[in-house]
Each structure stands twice: as structure tokens, then as C-alpha cells.
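1. structure of the sequence below:
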Amino acid sequence: MVYSDYKSVDGDMFEVFIRNGASELHKNIKKVNDLNVFPIPDGDTGDNMYLTIAGGIREMLREQDHRLWKKARALAGGMLLAARGNSGVILSQIFAGISNGLGEYEKVTLKELTEAFMAGVDRAYETVVKPVEGTILTVARESAQLMQFTDEETTLGEYSDHLLSAMHDSLANTPELLDVLKEAGVVDSGGAGLYMIAKGAARVVRGDVDPEEGASEPAGSLQQAGGAAPKMDLSLFTADSVLEYGYCTEFLLRLMHAKTDVEHFDEKVIVDYLSTIGDSIVCFKDDTIVKVHVHTMTPSKALDFCQQFGEFLTLKIENMMLQHNNHVLQKEDTAPEDADEEEESAIPTVKRKRRPYATCVVTNGQGIIDIFREMGADEVLIGGQGKNPSAQDFIACFDRLNADSIFVFPNNSNIIMAAEQAAELYGDSRVFVIPSKSIGQAYTAMSMLDISFDTPEEVRDNFLENMNYAETGMVCKACRDYASEDVVVTEEDYVGLSAKQLLSASPDKVMALKELCVKLGIEDRDIATVIFGTDATEEDRERVRELFAGEWPSKEFYEIDGQQELYDVVVILE
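-> Now for the predicted structure:
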């Protein structure tokens, strides 16, 4: 069914639009998650927004009365209870305001729909203690304001096209309003989630999808929402960790007549107190229930204070450092946009703020990626043996970096030429390809990163000089028998390599590593860094520690959980 010529919306149409909007958000959860950089990079905005709207849809489907206001009220009520995270709570408030704005209409004109949308925006702004522009709030407000052109002759097709275009433009502008987005080179994740909902509704209006595509009841758990539920690795927050971000604390509080004047209770008393112990506060009252979201170092204080007014219906407290560390560990590469996808469907991409210098490192393995980022790498391209980035991949990376001078570490002889070709083709920055052939060379150069020189040529020369201080070797399983004058290898052996030269072989990977280190001249080096791959066991790690402690006790020894796939062990000698 095509709705593009309609000039009003009834309850059944509203239900179809919302369900297809949620379906589109569900398809793009990971894209929305990966945009999340504010207030901390916890990367769950897509999940939070989907689970919020999914909770509302479940209630909407249970509502047997098909009048518009009944469907909208059921949706809003379910979303208020299911809301999680800042963006989810704000989304629930937008739809609660829309429900109020629809009054008790069985159907509305598009002008009346816009007025209800503005009522949703107003309620969301009132709910957030400190509204921040450049977020989902801005995207909703600017879009609603631009829809004021609507009159009696506007068709639903025209309306949805204008709304989607307005949201896209507003979303694309969010980095200009919020520096943290500009620095990261992304648009606001909450705004992107709202845009996806609008996109799904617009697609069904135009008849691009079957109205029943989003008809099944939405997933009700995080596992169903975002795919397989990631297992929380508690070891990522140890006895030596520092709680930098605090706790994301959310709860529903049922106000109790035995404790307070429920009818006249003003949630501002809760907001005022939470402002003294935390931030990112969202708090609102709906009948006898108060929904609270706060980031705080002391969640117990928030609970103790609020319990004097009522009792908890739901409660969630999450260590945001643990949440963030697990997200970084589990984050996968985002596939490039389908080139055939319509332009309006893509989440807008933006450049970082222009800078004098930027660095790009090519590597793989989440642990290695994290190390380079900690060292100051501005961009990490996934690549390496068997995963060579193209020249176009480099050019896209240069665009994202948006710097006057860009320094690239290919870290593989098979990648250098593509990087150099991209550098020649790229005209918006000066690109210096540092001809590193191993991660050890980049590791050593980046560990002595210095951009205080007067010219980019001096920065490049410093990189070139420093990278030569390292020798890098890799240990991996042999894939076939091999023999040369120096080394005989069977398919059961582990081999040690350096610069494509086979230096050692042994049925025991630690012995292959030992011989490799000797061949690389460890006696003349001061520092040894061992990077363990995904298959490394705790026994492997302990034997390697014992090897260096026993054979070379005077060397500084460091180990990294690199999580690289191809090489069991990488060793860097400096």
C-alpha cells in the first residue's frame, strides 16, 4: 500500500509508520552505536533507542482501540517505562509530548501532526536538565520547525520527504554545534537514531517497503536488539583500575502516599539533589512514576535520597568504565555504505576540525589498535597480511583526518605502494608516507611522537630516524613443509619470521620465539615487547615470561594483548 497521496494520519497508519521506523533503526543499530562519543564513548545509543521504542510498540500492539490517540498513548506509555540511556529517555519524552499534542483525535491533518511534533520537542527540552545543542534535541527541534510550511494541500509523500530532508540537514550540522562531535568527525548518535526512525516511516509512505515489513513484535532484549549479547569481560576493570567515568544509574521510582504528597510532588527536588552528585541528568514524572537517569560516582546517594519519596520498580547501575572497555574490545569494523543506497538513507559523514598534523597507522588486532590510539594515532586503518587497504581506503582516511600534513605508517611492504599512490592523488593535504614494513617500526616511531618541529619535513625525518631503532619478528604456525640451506620446516612447526625472512622453526612456539630473538640480536637490545595473538593461552604467556626472565633478565620486558589473528606472537626489540 502507498500512502503518499494521503493528507491525514489515523491510528492504523500511525502504527505502521512507527513499526517500520523501529525496523529501520534495528537494521542500523551498529552504525548508530559506533557514532556515540558523548558524554563518553560507551557505544550503546542504538541499542538504547531501539529497546525504548520496542517497549512502546509492544504496548501499542496490545491496544485494541484503533483510534489515533489511543495508539499514540499506548506507544508513549510503553516507551516511558522501557526508556534507557539519555537518548532513549529523550526519545520517550518526544513521543510522550506527541501523544499529549494529539489530544483525543481519531485522526489528524498533517498540520495538526506537526503541532503535536512540536509539543514533543517542547516536552523533551523541558525534561532535560541542561539541554545541549548538537544532539537529538536539536535534530528534533529544527526538523519540527521546518515542517511549519504544512497546510491543507500538503500530501503525506511531500511531508515525509521534507521531514527526512530536514532531519538529514540538521543531523549533518550537529558537529558545528558540539565540539566533541567535530573533534571525532561524527554526527550525533541520538540524532542519527531519530533520523533512522523517520527514514523507515518515509520508506513505507512512498511504498518502498511492504507496510507489514515491520509488523512483527520487536525484540524485547538486548540480545535480540543488537545481535548476540556481548559477554561482559569483568577482567577489563581490575583492582588497579581507576573509576574515571562513574556509574550510569537509571531507575523507575513509584511515589508512595505513605512517604510523600504524590499528587503535588515536584520532581525538581530530585533534580536539584542529583545536580550536586552527578551529571547527564534526565528526570520526569508521569502520574505516580518518576523516571531518573544520572551519571554519578556515588549511585547509593541517589538511591538513598530518592527512596524517601517512594519505592523502586526497576533499577540499573552500570560501571561506565567497564562498559566502555568492553565496547572497545568488542567493536568490529563498520562495513562501508552500499554505493547503490539512496543518498538520503546514509548517516551524514563529517570531517574532523582542521589540524596542522595527523597520523594514520595500518594494523589489525584490537589490542594493537588500542595501543596505537593511546600513543596518539589519529586514525587506524584495519590492514595487514591478507587485508591490504586500497588507495581509495587511504583517501577516505585522509578526508576524515582533515589535517594540513598527514603521516602514514603502512606497516607492510605490500601496502606501501597503495599508500604512496593515494598520497599522490590526494590534493587537500600534504601526505608523508613513512615506509614502515612492520608494526615494530611504527611502534617505536610513535612512542617518540614529536610534532613540535617547525616544518612537517622535520617531523617526517624524526619518524624515519626513530623507526630504525626497532627489529620486529613474528611467530606463526607453518602451513606446509619447507626447506632451505638455513632452515628446515615441517607442517607441524612454528616459524619465526622477520622482513619476509625465515629465521627459526620449532614444534614449540616458545622455542621458535627464543631462536628468533637470538637471530634478531636481542643481546644488543635493551627493550623487548611481546604482543600476544588471539590464540595465545595463559600457559603460552607464562612460558614467554619465564623465557625472558631466565635468558635475558637484564632486558626491559613488556607484554601486550594484541589480539591479532595471523601471528601467535610478535616481538619488538629496541
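2. and Asp279, that one's in a strand?
-> Yes - read with DSSP: H, G, I helix; E, B strand; the rest coil, Asp279 is one of the residues of a strand.
3. now do the phi/psi pair for the spatially closest residue to it that is not a sequence neighbour.
-> Taking Cβ to Cβ, 6 or more residues apart in numbering as the measure, Asp279 lies nearest to His295, with 5.5 Å between them; neighbours along the chain are not counted. In short, each C-beta sits where N, CA and C put it, glycine included. With angles defined as degrees, to the nearest 10, His295 sits at phi -100, psi 120.
4. from what I can see His295 touches Glu318, true?
-> No - shown here, His295 and Glu318 do not form a contact pair, counting by Cβ atoms under 8 Å, at 10.0 Å.
5. shared neighbours of these two, anything?
-> Tyr247, Cys248 (Cβ atoms under 8 Å, 6 or more residues apart in numbering).
6. what about those two, which has more around it?
-> Between His295 and Glu318, His295 has the larger neighbour count (other Cβ atoms under 10 Å), namely 20 against 16.
7. against Arg352, how distant is the more buried one?
-> From His295 across to Arg352, the span is 25 Å (Cβ to Cβ, to the nearest Å).
8. what of Ala403?
-> Here Ala403 is placed at a distance of 8 Å from Arg352 (Cβ to Cβ).
9. which residues in the stretch 351-500 of the chain form helices?
-> Chain-ordered helices for the stretch 351-500 of the chain, with DSSP state H, counting those that start in this stretch as the definition, fall at 366-375, 391-401, 413-425, 439-447, 456-467.
10. let's see the shortest one as PDB, backbone CA atoms only.
-> In this case it means helix 439-447. Listed next in PDB are the C-alpha coordinates belonging to helix 439-447 (Å, rounded to 0.1, in the frame of the first residue of the first chain):
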ATOM      1  CA  ILE A 439      54.300  -2.700  13.400                       C
ATOM      2  CA  GLY A 440      57.500  -2.600  15.400                       C
ATOM      3  CA  GLN A 441      58.800   0.300  13.300                       C
ATOM      4  CA  ALA A 442      55.600   2.200  13.700                       C
ATOM      5  CA  TYR A 443      55.500   1.300  17.400                       C
ATOM      6  CA  THR A 444      59.000   2.700  18.000                       C
ATOM      7  CA  ALA A 445      58.400   5.800  15.900                       C
ATOM      8  CA  MET A 446      55.000   6.600  17.500                       C
ATOM      9  CA  SER A 447      56.400   6.000  21.000                       C
END
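11. same for that helix, what does it pack against?
-> Using 3 or more Cβ pairs under 8 Å, 6 or more residues apart in numbering; DSSP states H and E, the elements in contact with helix 439-447 are strand 355-363, helix 366-375, strand 403-409, helix 456-467, strand 471-477, strand 569-573.
12. report the angle between it and strand 471-477.
-> Comparing the axes of helix 439-447 and strand 471-477 via axes from the mean of the first three to the mean of the last three Cα atoms, to 10 degrees yields an angle of 140 degrees.
13. please report the distance of the residue nearest to Gly376 when sequence neighbours are not counted from Val361.
-> Nearest in space to Gly376, with sequence neighbours left out and distances taken as Cβ to Cβ, 6+ apart, is Leu449 at 5.0 Å. Computed as Cβ to Cβ, the Leu449 to Val361 distance reads 11 Å.
14. do the same with Phe309
-> The spacing between Phe309 and Val361, counted by Cβ to Cβ, is 53 Å.
15. Asp151 now?
-> With distances taken as Cβ to Cβ, Asp151 is found 55 Å from Val361.
16. again with Ala418
-> If you measure Ala418 against Val361 using Cβ to Cβ, the figure is 15 Å.
17. settle it for me: which of the two has more neighbours?
-> Between Ala418 and Val361, counted using other Cβ under 10 Å, the more crowded position is Val361 (29 against 21).
18. that one against Asn412, yeah?
-> No - between Val361 and Asn412 there is no contact under Cβ under 8 Å: 11.4 Å.
19. burial count for Ser8?
-> If you count neighbours by other Cβ under 10 Å, Ser8 ends up with 16.
20. circling back: quick one, what contacts the residue nearest to Gly376?
-> Going by Cβ under 8 Å, 6+ apart, the list of residues near Leu449 reads Thr359, Met375, Gly376.
21. show the buried residues in these.
-> With neighbours counted using 16 or more other Cβ atoms under 10 Å, the contacts of Leu449 contain these buried positions: Thr359, Met375.
22. a markdown table for the contacts of Leu449, including distance to Val129 and pLDDT?
-> A markdown table is the format used below for the contacts of Leu449 (distance: Cβ to Cβ, whole Å; pLDDT from 0 to 100):
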| residue | distance to Val129 | pLDDT |
| --- | --- | --- |
| Thr359 | 38 | 93 |
| Met375 | 37 | 87 |
| Gly376 | 35 | 86 |
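23. export the contacts of Leu449 to TSV and append columns for distance to Glu465.
-> Below are the contacts of Leu449 laid out as TSV (distance: Cβ to Cβ, whole Å):
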residue	distance to Glu465
Thr359	16
Met375	17
Gly376	18
